[in-house]
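predicted structure and sequence below. I'll ask about it afterward.
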Amino acid sequence: MTSTPTTPVQPRSEVSPFRLFQAINGFQLTEAISSAIELDIFTVIAAGHTTAKALAKQCSIAERGARILCDFLVVNGFLEKNGDQYSLSDDSAKFLDRNSPAYMGSCTKFLLTDDIRQTFRDLTNSVRNGGCQKTYAHAPESPVWVEFARSMAPMMMMASQGLAGIVVGKEIRSLKVLDIAAGHGLFGIAVLRANPKAEVTAVDWNNVLEVARENAKKFDVADRYKTLAGSIFDVDIGTGYDLILVPNFVHHFDAPTNEQLLKKLHRALNPGGKVATLEFVPNEDRVSPPMPAAFALIMLAETPAGDAYTRSELENMLNRAGFSRHEFHPMPPSPHSVLVSTKE
């Protein structure tokens, strides 16, 4: 007779106020990272100016300020220290040195705008009301989305390439593609780079599309890149599409609004056409994985009714819009996942 295995008892962590203390003071790390990016601390260290004295000279700051800021960044894992010499952690070397092709420091220009910070200062009211009562970001031609398009593009490079690999595959054929809320345009551009026979029409506000057109020219695909200005809910997108990209969009709205949009996209597709929905998708428990699950709070603070939708919630919306045969693709190390749904 074999005994039933038991789950090992995990040691309990010691009760301590320090997690609470760190949470209350979490804004300090935000400000430290923002200051270090603004002062070019990471880039200057990468260039070989590795002491507080050298940093002070190169960045035109006080030596005391350089030392204390850099020590704080060491404590939080963004720098390393040996004696009086600072060096970049692996993550900082890749994402915070301006000379790195993967530099992402520009994202602070969008993520730390006064408007976005204010929504979190008003989080208590958003919790009371079930959503943000202000809709500044959704106003036509809002400069918020121009800043998003310019500053967040580096952060979306990995996700756009991953999406293109999923929807294009190895088959190169004529492909009429619609990219909604295109922003920086990188998702449609990645499809064009992966398939030389594809053509993309990008929809967004006209001022945002200026950024997308710049990027299409930069990546040498402008001859196959068209734009259509306006709201995806209102503009006539036509028909005959083989693929529609919906990147980082449905999380802004409630399910009925998304279903209205998805029905419009369903009508625009050819039979057998696909819609690719890229999102932060938490598990059904809604608390894992950490980044997709935590994204729901951003939607609570910044939108009237948006959410981080689970896979089943996304599939239900798409089913009600007429789609079927869903294929789910996590994209590690990116926190995004892609749901590819077919029009029969």
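Now that the structure is in, tell me what you want to look at.

going forward, measure contacts and count neighbours with C-alpha atoms only.
Noted.

what ranges does the stretch 1-150 of the chain have for its strands?
For the stretch 1-150 of the chain, the strands defined by DSSP state E, counting those that start in this stretch occupy 79-82, 85-88.

pick the most deeply packed of those strands.
The highest average neighbour count among these, using mean count of other CA atoms under 10 Å, belongs to strand 85-88 at a mean of 20.

off-centre distance for it?
Distance of strand 85-88 from its chain centroid, counting by CA atoms, centre = their mean, to the nearest Å, is 29 Å.

over to stretch 242-251?
With CA atoms, centre = their mean, you get 13 Å for stretch 242-251.

what's the first-to-last distance across it?
Stretch 242-251 stretches 23 Å from its first residue to its last (CA to CA, to the nearest Å).

in it, what counts as buried?
Burial within stretch 242-251, assessed by neighbour count using 16 or more other CA atoms under 10 Å, is assigned to 242-247, 249-251.

point out where this protein drops to low pLDDT.
Along the chain, the parts satisfying pLDDT under 70 run over 1-13, 135-139.

so where's the longest helix in it?
helix 153-168 (DSSP state H).

which SSE is immediately downstream of that helix?
strand 175-180 (DSSP states H and E).

between that following strand and helix 153-168, what angle do the directions make?
140 degrees (axes from the mean of the first three to the mean of the last three CA atoms, to 10 degrees).

quick one: distance of strand 175-180 to the chain centre.
20 Å.

partner strands of that strand and their direction?
strand 198-204 (parallel), strand 241-247 (parallel) (DSSP bridges).

follow-up on the earlier one: now tabulate the buried residues of stretch 242-251 in CSV and tack on distance to Leu69.
Output for those, formatted as CSV (distance: CA to CA, whole Å):
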residue, distance to Leu69
Asp242, 52
Leu243, 48
Ile244, 46
Leu245, 42
Val246, 40
Pro247, 37
Phe249, 37
Val250, 39
His251, 36
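
what is the nearest of the residues you listed to Ser89?
Within the buried residues of stretch 242-251, distances to Ser89 taken as CA to CA reach their minimum at Pro247, with 30.8 Å.
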